[in-house]
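[1] please find the sequence and the predicted model below.
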Amino acid sequence: MAPVLPTHWPPTGGGLEYFVYRKKSLPTGLVKSEVRGPSERILFTTPGAKPVVEAFDPTATLGVEDMTVRESFNGSRSHVERAEQALLEVVAGCRSLDEARGDLEGYLEWVEQNPLQGRDLERRGDPLFSWLRRR
């Protein structure tokens, strides 16, 4: 699953959404996966709301990911988790965007590490990613 996104930006009292991507191992003898998706969107209209699941059918093939050439990113999961926590705090009104900016940059790291899903997620969350890329 990709990291959580806000349903709108800036995230004033808004909702959250997840996009689910599928990976299928390919019988190549190498560590390669076909990446498809997203296959579902999981929407929370507010942080405490019940989730609404929207299935996408059919799903597009985003490409083939070659895990043998993928760099090892140490601590990357903790950066993404910190970014997601910062986003939740901003959406809930507990933290300002300026205070959270450094932590939110974990989203850019995730996109870099997951280029197939990342391009799609960046397109879907364009306002957030555009804001993050402005320095």
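    All right, it came through fine. Please read these numbers as outputs of a predicted model, since none were measured by experiment.

[2] where does pLDDT dip in this structure?
    The chain contains residues with pLDDT under 70 at 28-30, 67-76, 135.

[3] I'd say Leu104 and Arg133 touch.
    No - judged on C-beta atoms under 8 Å, Leu104 makes no contact with Arg133 at a distance of 11.4 Å. Backbone N, C-alpha and C define where each C-beta goes, glycine included.

[4] which one of these two has more residues nearby?
    In terms of neighbours (other C-beta atoms under 10 Å), Leu104 is the more surrounded of Leu104 and Arg133; the figures are 20 against 10.

[5] how much space between the more buried one and Ser96?
    According to C-beta to C-beta, to the nearest Å, Leu104 stands 11 Å off from Ser96.

[6] likewise for Trp110?
    Distance of Trp110 to Ser96, computed by C-beta to C-beta: 22 Å.

[7] max-length strand in the protein?
    Under DSSP state E, the strand in the chain containing the largest number of residues is strand 32-44.

[8] just how off-centre is it within its chain?
    Relative to its parent chain, strand 32-44 has a centroid offset of 10 Å by C-alpha atoms, centre = their mean, to the nearest Å.

[9] helices or strands up against the following helix or strand past that strand?
    Per DSSP states H and E, strand 32-44 leads on to strand 52-55 as the next helix or strand towards the C-terminus. The contact analysis (3 or more C-beta pairs under 8 Å, 6 or more residues apart in numbering; DSSP states H and E) places strand 52-55 against strand 32-44.

[10] given the strand it packs on, what are its sheet partners and their directions?
    In the sheet, strand 32-44 lines up against strand 16-25 (antiparallel), strand 52-55 (antiparallel), strand 61-66 (antiparallel) (DSSP bridges).

[11] hmm, who's touching the first one?
    Strand 16-25 is contacted by residues 1-7, 31-44, 47, 59, 62, 65, 87-88, 91, 116-117, 120-121, 124 when judged by C-beta atoms under 8 Å, 6 or more residues apart in numbering.
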